[in-house]
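K.L.:
I would like the atomic coordinates for the input below:
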Amino acid sequence: QTYLDSLGKRLDTLERGSGLDCQHKLTTLAEVGLELQESGLPKVEQTKTLANNVIAVVSNLDSQQIEDQVKSIERRYNDVAKRIQRKAQVLAVTHKGLEAAQGEIGQGREWVREKMSFVTAPPPLGYENKATEERQQLLKTLMKEAEGKQLLVESIDKRMQALRSELEPSEIQQVEGSLRLLETEVGGLSGALKGEVDRVGSAATQRKQFEDKLAAAQARLRDLANEDLDPMKEQPLTAAAIERELDHFKEFESSLKKFGDTDLAPLQKQANALMRDCDEADKSKLQAVIQGLTKEYEGLQKKTHNKVTALADLLASRRKFEVDVEACQAWMNEAEVALSAELRTANLDLIQEQLNKYAKLNEECQRVGGDLAQLEKSGRQMVLSAPDLLTLTENFNCLHERHSRIANSIRERTKALGAALEKCKEAQQRADQSLALFARIQGELKDLQ
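P.N.:
Modelled structure (predicted):
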């Protein structure tokens, strides 16, 4: 009986307030249970054997008393055994719950540390809107998981309330301290996640705008590239037509410059800003996109400049050509007017004056003939369409016909004036001879007197 009472007292030391932690209590309880099994049970059996021996030699009254004492010992043994069993079950459940709470708190804090590290030092977002939207979705998922950790704190709080009756204050304080740290860290993570979601949301808007501007710039550049900037296969005939072409391409050149200033330059600037949030792979991709766009733009710029320069040179050449043609036409107009006057053969001076005039006109006619030949040679070097070439040929044919008519008219008039000059000279000679004869006769008459 005394032995069983001593085991009961040892069990009393395992109650709450003993200062022993749950693991220590389980260890001690196992030792007491083992001792009860290995020492207590043999002692009970030994007592029962002694009692049976005594009962055999004592009176009935004494034997009844002995039997009552043996039953009391058995009840006491069974009570201690049941107490150990119940206590073992309670402590096992408590220990399991405590370890589970501690494990969940530890895992929760490790998860928070890992996610906080991701939020405070996030990997580069890149330049694509899709990747940014995926990051935003990931952060929103983490926010929901963080809300789940807050629910975990509340769940552990409730479970700890159920375990308080078996836990020491130090154990409760330790778990609650870790739990409050987890709660604080979860709150900090939730705040950081919210800030990062806002930042990534703003970044997603920027990247969407960049992609829209990039697509618009690429489409605009494709439209600009449709302009025919190759060397002209057929040149316009007139300076006016060339000037219209030149004005068109100057306007195109201005549109191209405006595109570079208002679309491409800001796009390059935004791309440079995005590269600061790119890893090397994304940075290389974005650089390739912008460099490709810039190269295509610069190629168009160069071709447009060459086109404008070529048209300006062609315009200057064609204007000179037209001025030279107009000069020939103007001379012909003047020559035709000069040739429309009647020949005057009244006297030798008039005839000589007109001969001098036609001699000069003839020199000019020869010069204009040479100019026409040179202009026709220049015309043959022009790259014209079939209709324009026919027009130019007809124009030159008309000019040649006019020039030939003028040349023939000059020759005929010069010839006519030459004949008139000869007649006039003969008449003058006869007159001179008549005057000489008259003078001689007068002289002879004077001599007769």
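
K.L.:
so Gln329 makes contact with Cys398?
P.N.:
No - Gln329 is not in contact with Cys398 according to Cβ atoms under 8 Å; the separation is 9.6 Å. C-beta: built from backbone N, CA, C; applies to glycine.

K.L.:
if you count what's nearby, which of those two comes out ahead?
P.N.:
Remark: of Gln329 and Cys398, Gln329 carries more neighbours, 15 against 11, as counted by other Cβ atoms under 10 Å.

K.L.:
now that one: how far from Asp261?
P.N.:
47 Å (Cβ to Cβ, to the nearest Å).

K.L.:
Lys96: neighbouring residues, count only.
P.N.:
Residues contacting Lys96 under the criterion other Cβ under 10 Å number 12.

K.L.:
Show the contacting residues for it.
P.N.:
For Lys96, no contacting residues are found, by Cβ atoms under 8 Å, 6 or more residues apart in numbering.

K.L.:
What strand or helix carries it?
P.N.:
Per DSSP states H and E, Lys96 falls inside helix 60-120.

K.L.:
Which other helices and strands does the helix or strand just after that helix contact?
P.N.:
Downstream of helix 60-120, the first helix or strand assigned by DSSP H and E is helix 129-163. Helix 129-163 sits against helix 60-120, helix 169-225, with contacts defined as 3 or more Cβ pairs under 8 Å, 6 or more residues apart in numbering; DSSP states H and E.

K.L.:
TSV please, covering the ones you listed and showing mean pLDDT and distance to Gln381.
P.N.:
Listed next are these as TSV, based on pLDDT from 0 to 100; distance: least, Cβ to Cβ, whole Å:
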stretch	mean pLDDT	distance to Gln381
helix 60-120	78	74
helix 169-225	91	31
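
K.L.:
TSV for those helices, including distance to Glu426?
P.N.:
Listed next are the helices and strands packed on helix 129-163 as TSV, based on distance: least, Cβ to Cβ, whole Å:
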stretch	distance to Glu426
helix 60-120	126
helix 169-225	83
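
K.L.:
among the ones you listed, which is nearest Ala265?
P.N.:
helix 169-225 (10.6 Å; Cβ to Cβ).

K.L.:
For stretch 357-373, buried residues please.
P.N.:
Lys357, Tyr358, Leu361, Asn362, Cys365, Val368, Gly369, Asp371, Leu372 (16 or more other Cβ atoms under 10 Å).

K.L.:
same question, stretch 85-100
P.N.:
Lys87, Ala88, Leu91, Thr94, His95, Gly97, Leu98.

K.L.:
Check stretch 193-209 too.
P.N.:
Leu193, Glu196, Val197, Val200, Gly201, Ala203, Ala204, Gln206, Arg207.

K.L.:
now that stretch, how far from the chain's geometric center?
P.N.:
Offset of stretch 193-209 from its chain centre (Cα atoms, centre = their mean, to the nearest Å): 17 Å.

K.L.:
For that stretch, which outside residues touch it?
P.N.:
115, 119, 122, 125, 127-129, 132-133, 135-136, 139-140, 142-143, 146, 270, 274, 277.

K.L.:
Apply 6 Å and report the result again.
P.N.:
Outside stretch 193-209, the residues within contact range by Cβ atoms under 6 Å, 6 or more residues apart in numbering are Val119, Leu125, Asn129, Thr132, Glu133, Arg135, Gln136, Leu139, Leu142, Met143.

K.L.:
want to throw those into a markdown table with distance to Asp282 and neighbour count?
P.N.:
Shown next, in a markdown table, are the contacts of stretch 193-209 (distance: Cβ to Cβ, whole Å; neighbours: other Cβ atoms under 10 Å):
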| residue | distance to Asp282 | neighbour count |
| --- | --- | --- |
| Val119 | 20 | 20 |
| Leu125 | 9 | 23 |
| Asn129 | 13 | 19 |
| Thr132 | 11 | 22 |
| Glu133 | 15 | 16 |
| Arg135 | 13 | 20 |
| Gln136 | 17 | 19 |
| Leu139 | 19 | 23 |
| Leu142 | 22 | 20 |
| Met143 | 26 | 16 |
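
K.L.:
Next, count neighbours for Leu267.
P.N.:
For Leu267, using other Cβ under 10 Å, the count is 20.

K.L.:
how far away is it from Gly260?
P.N.:
For Leu267, the distance to Gly260 - Cβ to Cβ - is 10 Å.

K.L.:
How about Leu125?
P.N.:
According to Cβ to Cβ, Leu125 stands 28 Å off from Gly260.

K.L.:
Equivalent analysis for Ala281, please.
P.N.:
Distance, Ala281 to Gly260, by Cβ to Cβ: 28 Å.

K.L.:
for Ala341, same thing?
P.N.:
Taking Cβ to Cβ, one finds Ala341 at 65 Å from Gly260.

K.L.:
Among these two, which residue is more densely surrounded?
P.N.:
Using other Cβ under 10 Å as the criterion, Ala341 and Gly260 rank with Gly260 on top: 16 against 10.

K.L.:
tell me the pLDDT at the more buried one?
P.N.:
We have a pLDDT of 94 for Gly260.
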